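Asks: coordinates for the following, if possible.
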Amino acid sequence: MKKFHFKPLAGCGALLAPPAALAGHAALAAPINQLLVLGFVMLIVAVGVGVYFARTRDPKQEPLTKVLGDERSDPHAVAPDMSVKECVQKMTNERIGAVLVVDGERLVGIFSERDAINRVLATGIDPTATKVSKVMTRDPITIQPNTTVGDAMKLVTAKRFRHLPVIQDGKVMGMVSSGDLTHWIVKDQMKEIQELVDMAERT
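Replies: Alright, predicted model coming up:
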């Protein structure tokens, strides 16, 4: 009979425990709750600081050298005596909308899809027998590599063209398009978002 009554009595022990024991559990829970609240506050502060610094770093103030990247070693240039057909084939193969026309190291023009349509296709000129120098856009507007992304975007918007040759000390460094500039800003914003997410996870 003693063995039969042991478990019920043991189960009632917690209910009959002295108030001092119960108070000990409450005292232990209080610091844990405080730590949880503190951790949550630190998380909010960390995310807030990250957002602040992300907003103060404007991607439009970055120089074009960062947008150019590896393209500086391959500015997509052709010689003035290349035929229009060969030039268009190069643009198609490399999936670009324009090429720089360079005589030695000197920029003499730019040939774009718009030139191909308006000056070749629309006029019926033979693209095989016509040199690209005859239908290119001469003396295009150029910019320096230290020009900011924001200033470059203002220029292409104001002048209503898509491509900007980048020149330094008379030498061709590359070319940026309106699409390149837009992609740079979107990519930078996505990077900032990912950094905030990573920061929140680490916290």
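Asks: what bridges to the residue lying closest to Leu68 once chain neighbours are set aside?
Replies: Using Cβ to Cβ, 6 or more residues apart in numbering and skipping the chain neighbours, the partner closest in space to Leu68 is Gly174 (4.6 Å). (C-beta placed from N, C-alpha, C; glycine too.) Listed by DSSP bridges, the beta-bridge partners for Gly174 are Val166.
Asks: ok, and what's touching stretch 156-173?
Replies: For stretch 156-173, contacts defined as Cβ atoms under 8 Å, 6 or more residues apart in numbering pick out 64, 68, 72, 75, 77, 97-98, 100, 102, 105-107, 110, 112, 140-145, 147, 152, 155, 174-179, 181.
Asks: recalculate using a threshold of 6 Å.
Replies: For stretch 156-173, contacts defined as Cβ atoms under 6 Å, 6 or more residues apart in numbering pick out 64, 72, 75, 98, 100, 102, 105, 107, 140, 142-143, 145, 174-178.
Asks: select only the buried ones of those in ChimeraX?
Replies: Filtering the contacts of stretch 156-173 down to the buried ones (16 or more other Cβ atoms under 10 Å) takes a single ChimeraX command:
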select :64,72,75,98,100,102,107,140,142,143,145,174,175,176,177,178
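Asks: CA-only coordinates of the helix or strand containing Leu107 in PDB, if you can.
Replies: Secondary structure from DSSP states H and E places Leu107 in strand 106-112. Coordinates of each C-alpha in strand 106-112 appear next as PDB, following Å, rounded to 0.1, in the frame of the first residue of the first chain:
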ATOM      1  CA  ARG A 106      42.300  58.800 -80.300                       C
ATOM      2  CA  LEU A 107      38.600  58.700 -80.100                       C
ATOM      3  CA  VAL A 108      37.000  59.900 -83.400                       C
ATOM      4  CA  GLY A 109      33.400  58.800 -83.000                       C
ATOM      5  CA  ILE A 110      30.800  56.400 -81.700                       C
ATOM      6  CA  PHE A 111      28.600  54.000 -83.700                       C
ATOM      7  CA  SER A 112      25.300  52.900 -82.100                       C
END
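Asks: okay, now the unreliable bits of this protein?
Replies: Within the chain, the ranges that satisfy pLDDT under 70 run 1-57, 70-74, 188-203.
Asks: switch to 50 and redo it
Replies: 1-17, 19-22, 51-56 (pLDDT under 50).
Asks: please, where are all the strands along it?
Replies: 77-78, 98-103, 106-112, 137-138, 163-168, 171-177 (DSSP state E).
Asks: can you put the ones you listed in CSV and add distance to Ile185?
Replies: Formatted as CSV, these follow (distance: least, Cβ to Cβ, whole Å):
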stretch, distance to Ile185
strand 77-78, 26
strand 98-103, 21
strand 106-112, 23
strand 137-138, 26
strand 163-168, 15
strand 171-177, 12
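Asks: can you tell me how far Thr157 is from Asp151?
Replies: Taking Cβ to Cβ, to the nearest Å as the measure, Thr157 falls 11 Å from Asp151.
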